[in-house]
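Asks: predicted model, plus sequence, below.
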Amino acid sequence: MMPSNKKKSIAILGGSGFIGKDLVGFLAKQNAYINVLTTNKINTRTLWTIPNVKIFQYQNNVESIKKAIENTELVINLVGILHSKPGNPWGKEFDDAHVKLLKNLVDASNKEKIKKIIHISALGVSKSAPSEYLRSKYAGECILQSFSGQIYLLRPSVVFGSGDSFLNLFAKLQRYSPIMPLAYTKAKFQPIYVQDLIEIIWYCVQKNDGQKETIFECVGPEVFTLYEIVKFAGIYSGHKAMVIPLPKFLGWLQAFTLEKIPGKTLMSRDNLRSLTVPSVASEEKNLVFNLTNPTSIHKVAPKFLTKK
């Protein structure tokens, strides 16, 4: 990834998350001016000393977002959540993060005459997807169509890296238990390394071909089952547990139980519904972003999981 000589002015929603923190650091090295939008300013404390970064605590309404994206030329939306209370057609938390936020962002961006929105969605989204998560993410994509500028829709598989909540979670769970009961072990993923996803985002930041909408599927070089990924996490972290595949009804019972436990949700029934849709590149090869040198889990996971 070569740095650009022209300084960019970029607003980022979700800049305090796993992908966001790495992206802000990368863009700062490209001498970009960055407005980081967050709902809780304290979550961005690791970004406070980075040059040319301004932090804006915003509310999910048009005026608040409009003020935070003033004087920027493009917006990158990284906001996404995996858990919500159930609802019809989806839960309130999904609606706030994936639908309402997109509507307010598009309205604010149109008023500010933003030139480009780069939106991180997910593989497997559709109107008829089995999970509330995937349906609400698709609804957000549809709302983006009312944006007057250029749209870049990025649909990644699961993203891994040193700060992820995927490989690190499985490694942590195996650290505390020698047995790992797991549902939907045959679910398929094509994991992408966080720095590879940032490379794609940077490509979209620089690209200006005049197209109204561009869609990229963002995947790594290998397809794995959930069973294989969990095994890798255990081996590379040095806490290899016995992974026991659960029959479907026990998997649903496990997810239901985990939903009811106070604290951070580890697994939900809606997560299981998402697992029924393979998180891999589609047969439409023209949609897949062609990374020059995609990073394998086997190359980097041992480096950050050995510390767990």
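Replies: Thanks, I have the structure now.
Asks: show me where pLDDT drops low in the stretch 1-150 of the chain?
Replies: Applying pLDDT under 70 to the stretch 1-150 of the chain flags residues 1-6.
Asks: one more pass at 50, please.
Replies: Scanning the stretch 1-150 of the chain with the threshold set as pLDDT under 50 gives 1-4.
Asks: can you give me the helices in the stretch 101-250 of the chain?
Replies: Listed in chain order, the helices of the stretch 101-250 of the chain (DSSP state H, counting those that start in this stretch) span 101-111, 132-143, 167-176, 194-206, 226-237, 248-260.
Asks: contacts for the fourth one next, please.
Replies: If I follow you right, that is helix 194-206. By Cβ atoms under 8 Å, 6 or more residues apart in numbering, the list of residues contacting helix 194-206 from outside reads 1, 4, 8, 10, 18-19, 22-23, 26-27, 30, 74, 76, 116, 118, 152, 154, 156, 159-161, 163-164, 214, 216, 218, 220, 289, 291, 294-295. No exception for glycine: its C-beta is placed from N, CA and C like everyone else's.
Asks: residue 305: which of the helices of the stretch 101-250 of the chain is closest?
Replies: helix 226-237 (4.1 Å; Cβ to Cβ).
Asks: residue 259 versus residue 191, what's the distance?
Replies: 25 Å (Cβ to Cβ, to the nearest Å).
Asks: next one: residue 168
Replies: Taken as Cβ to Cβ, the span from residue 168 to residue 259 is 21 Å.
Asks: among the two, which residue is more densely surrounded?
Replies: Between residue 168 and residue 259, counted using other Cβ atoms under 10 Å, the more crowded position is residue 168 (21 against 17).
Asks: which stretches in the protein count as strands?
Replies: For the chain, the strands defined by DSSP state E occupy 9-13, 33-38, 53-57, 74-77, 116-120, 150-156, 159-160, 179-182, 188-189, 192-193, 213-218, 224-225, 242-245.
Asks: could you check the angle strand 33-38 makes with the third one?
Replies: If I follow you right, that is strand 53-57. Per axes from the mean of the first three to the mean of the last three Cα atoms, to 10 degrees, the angle that strand 53-57 makes with strand 33-38 is 30 degrees.
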